[in-house]
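Peer 1: Sequence first, predicted model second:
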Amino acid sequence: MNAVFRDTALRDLPLPDRALFQSFGAGPIRTPPFDHIHHAVEKQAARHPDLVAVEHLGESITYAELNRRAELLAELLTRAGVRPGERVGLFLTRSISMVVGILGILKAGAAYVPQDVRIAPEVHLRHIVRTARVNFVLTTSEHESALPGGLGTIIAIDRVPDATEFCRTATQTSDIAAVIFTSGTTGRPNGVQVSHANLCNVLLTAPGCLGVEAGTRVSQLLNIAFDMAMWEILGTLAHGGTLVIRGGDIERTASTVDVVIATPSVLASLDPAVCRGVRTIAVAGERCPQSLADRWARQAAFHNSCGPTEVTIVNTVQRYVPGDQLTIGRPVPNTTVYVLDENLRPCRIGEVGEMWAGGDCVTAGYLGDPALTAERYLPDPFLGGGRLMFRTRDLGRWTPDGLLEHHGRTDDQVKVRGFRVELDAVTSALERAADCSRATTLLHNGRLVGFISPASAVPEQARRAVEERLPYYCVPTLIVPVDTLPTTDRGKVDRRALLSRLDGQKETVA
């Protein structure tokens, strides 16, 4: 059973397209077993107290001990003055204490605001503290003295006095579980409020649960400030899995697990032959190359996913099988996707439009920025009832069998010689060259520039691959082979770093 769209919102479509717009755009209705994500973790601790919950660099902690330490931390936070609904900073690096901190904050009824202190600059941390009105910051003793002053009350998780017996103060639960800061269009990050209910919806139902069960080993590879890290951490613990937090060697960690959740850029750095035990993979965060999906789907259940932070990690997923068309799939349970034109009218099936997301994935807006919230979160005319839909800025279209094709982003549409070009389409064509495994395309000084990997890939072959598939104005003026495509701290292709390599390059294909 799926949600039913309002007839008044579909009146501009021919009758056959109305039925398909409805059946394609609404995910199945499911009831998650919990409405607060830490309650699912507590259930696993009660059911499997002796199972290993988290591993990191040779150390481990059971579910019983993780739950006990998180309860103790929650009580300390409550007694220190943290109130339900408050935001608490979690400024540290990957560790078992990081996981204790997340659960302790949630148990105290607060929302956690994660940042990796090795990467986040001081101005960034201060902006987050100010925007989220953070009064308390959790860290570890390793980083306590390195944090800039004036961030609030600092608590080192690994220095919390132990207590075998203590009485928990009763606290109310809150709706918001986390505030994830994304890259803002103004140069400053925007704080997205992610609710417990939405996390439960995507993490506790299929396909987002990824088949994780008691004892399943799941890697934790991504930056803790990235929304996909919630998928790794909370998605694992909510099902009784073992979270394996990486050290400096990503591939070494991935070689010991059953499930990998990553961006395509991070996954591309792993060798399937080394990671033979991996049986389930989920990628999101950026466009997935066909060759990468084919390589891994031969040995593992491969899920290609899409969705910005504002729609709670991902809101569409495809279980990809080699030989199928690689798409971003269908809406996850209790969520909707609408392909709309510039006037917010439904596009006919097969037409490219902008994707808007609705249902139980839409987050609670941006902290401290009501104007941007009002611009990106609009009343949902299809569901009605006061529901909101979110403008993803992703372009897509429905295939005849109800799968979503991703056609880049509205901000990736550029003008070249007066023609509109989708950068993702050029990138996809570059990757069709026999010796090119990954590529990306940028606009530099009004001209298209393609980067192809590995460095042994031949630019002329890549140029011909584009010529065979796209109009002449889509052919890059310059094609640059590189060993690997650089990535940001969140595991996505670093376009700024690539642009910096263009100094001194001649604008010819050679």
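Peer 2: The structure has been received and is ready for your questions.

Peer 1: Where does the prediction get shaky in the stretch 401-510 of the chain?
Peer 2: Where the stretch 401-510 of the chain drops to pLDDT under 70, the residues are 503-510.

Peer 1: all strands of it, in order?
Peer 2: 404-409, 413-416, 419-422, 438-444, 447-453, 478-481 (DSSP state E, counting those that start in this stretch).

Peer 1: can you pull the contacts of the closest residue to His444 other than its chain neighbours?
Peer 2: The shortest distance from His444 to any non-neighbouring residue, by Cβ to Cβ, 6 or more residues apart in numbering, is to Leu502 (5.7 Å). Heads up, the C-betas are built off the backbone N, CA and C, glycines and all. By Cβ atoms under 8 Å, 6 or more residues apart in numbering, the residues touching Leu502 are 444, 449, 478, 480.

Peer 1: now with 10 Å?
Peer 2: By Cβ atoms under 10 Å, 6 or more residues apart in numbering, Leu502 lies in contact with 442, 444-445, 447, 449, 451, 478, 480.

Peer 1: domains of the protein?
Peer 2: Listed by automatic domain parsing, the domain ranges of the chain are 7-31+334-408, 37-302, 417-500.

Peer 1: Run the chain-centre distance for the shortest one.
Peer 2: On the basis of Cα atoms, centre = their mean, to the nearest Å, domain 417-500 is displaced by 24 Å from the centre of the chain it belongs to.

Peer 1: i'd like the first residue to be 28 from this point on
Peer 2: Happy to do that; since the first residue is 28 now, the last one works out to domain 444-527.

Peer 1: ends of it, how far apart?
Peer 2: 23 Å (Cα to Cα, to the nearest Å).

Peer 1: mean confidence score for stretch 134-149?
Peer 2: Averaged across stretch 134-149, the pLDDT comes to 95.

Peer 1: Stretch 261-268 too?
Peer 2: Stretch 261-268 comes out at a mean pLDDT of 98.

Peer 1: Can you show me the CA trace of it as CSV?
Peer 2: Provided in CSV are the C-alpha atoms of stretch 261-268 (Å, rounded to 0.1, in the frame of the first residue of the first chain):
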residue,chain,number,x,y,z
LEU,A,261,23.1,4.2,14.1
GLY,A,262,22.0,1.8,11.4
THR,A,263,24.4,-0.8,12.7
LEU,A,264,23.7,-0.5,16.4
ALA,A,265,19.9,-0.4,15.9
HIS,A,266,20.1,-3.9,14.5
GLY,A,267,22.7,-5.5,16.8
GLY,A,268,25.6,-5.3,14.4
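
Peer 1: And that stretch, how far out from the chain middle?
Peer 2: For stretch 261-268, the distance to the chain centre is 17 Å (Cα atoms, centre = their mean).

Peer 1: Equivalent analysis for stretch 377-393, please.
Peer 2: 15 Å.

Peer 1: and it, which residues are buried?
Peer 2: 380-393 (16 or more other Cβ atoms under 10 Å).

Peer 1: Can you tell me which of those residues end up in strands?
Peer 2: 380-386 (DSSP state E).

Peer 1: Which stretches in the stretch 128-277 of the chain count as strands?
Peer 2: 138-143, 163-166, 180-183, 203-209, 217-222, 244-247, 269-272.

Peer 1: The last one packs against which elements?
Peer 2: Strand 269-272 is packed against strand 79-83, strand 86-89, helix 123-134, strand 244-247, helix 255-264, helix 277-281, with contacts defined by 3 or more Cβ pairs under 10 Å, 6 or more residues apart in numbering; DSSP states H and E.

Peer 1: The third one too?
Peer 2: Under the contact criterion of 3+ Cβ pairs under 10 Å, 6+ apart, the helices and strands touching strand 180-183 comprise helix 90-107, strand 114-119, helix 123-134, strand 163-166, helix 168-171.

Peer 1: show me what contacts the nearest residue to Arg160 once chain neighbours are set aside?
Peer 2: Closest residue to Arg160 in three dimensions, ignoring its sequence neighbours and counting by Cβ to Cβ, 6+ apart: Arg114, at 6.4 Å. Shown in contact with Arg114 (Cβ under 10 Å, 6+ apart): 132, 137-140, 155-156, 158-163, 201, 203, 205-206, 218, 220, 394.

Peer 1: will you turn the helices and strands packed on strand 180-183 into a markdown table that also has distance to Arg346?
Peer 2: Shown next, in a markdown table, are these (distance: least, Cβ to Cβ, whole Å):
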| stretch | distance to Arg346 |
| --- | --- |
| helix 90-107 | 29 |
| strand 114-119 | 33 |
| helix 123-134 | 28 |
| strand 163-166 | 37 |
| helix 168-171 | 40 |
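
Peer 1: among the ones you listed, which is nearest Leu399?
Peer 2: strand 114-119 (18.2 Å; Cβ to Cβ).

Peer 1: The longest strand anywhere in the chain to strand 431-436, inter-axis angle?
Peer 2: In the chain, assigned by DSSP E, the strand with the most residues is strand 415-425. Compare the direction of strand 415-425 with that of strand 431-436 by axes from the mean of the first three to the mean of the last three Cα atoms, to 10 degrees and you get 100 degrees.

Peer 1: so for strand 415-425, what's the average pLDDT?
Peer 2: For strand 415-425, mean pLDDT rounds to 96.

Peer 1: Kindly report the same for stretch 221-239.
Peer 2: Mean predicted lDDT for stretch 221-239 stands at 98.

Peer 1: how about it as PDB, C-alpha atoms only?
Peer 2: Output in PDB follows, covering the C-alpha atoms of stretch 221-239 (Å, rounded to 0.1, in the frame of the first residue of the first chain):
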ATOM      1  CA  VAL A 221      17.300  15.500  11.500                       C
ATOM      2  CA  SER A 222      14.500  13.900  13.500                       C
ATOM      3  CA  HIS A 223      14.300  10.600  15.300                       C
ATOM      4  CA  ALA A 224      11.200   9.600  13.400                       C
ATOM      5  CA  ASN A 225      12.900  10.100  10.000                       C
ATOM      6  CA  LEU A 226      16.000   8.200  11.100                       C
ATOM      7  CA  CYS A 227      13.900   5.300  12.300                       C
ATOM      8  CA  ASN A 228      12.000   5.400   9.000                       C
ATOM      9  CA  VAL A 229      15.100   5.000   6.800                       C
ATOM     10  CA  LEU A 230      17.300   2.900   9.100                       C
ATOM     11  CA  LEU A 231      14.700   0.400  10.500                       C
ATOM     12  CA  THR A 232      12.900  -0.500   7.300                       C
ATOM     13  CA  ALA A 233      14.100  -2.100   4.100                       C
ATOM     14  CA  PRO A 234      16.100  -1.300   2.000                       C
ATOM     15  CA  GLY A 235      17.800   1.100   4.400                       C
ATOM     16  CA  CYS A 236      18.400  -1.500   7.000                       C
ATOM     17  CA  LEU A 237      20.700  -3.300   4.500                       C
ATOM     18  CA  GLY A 238      19.900  -6.700   6.100                       C
ATOM     19  CA  VAL A 239      22.100  -5.900   9.100                       C
END
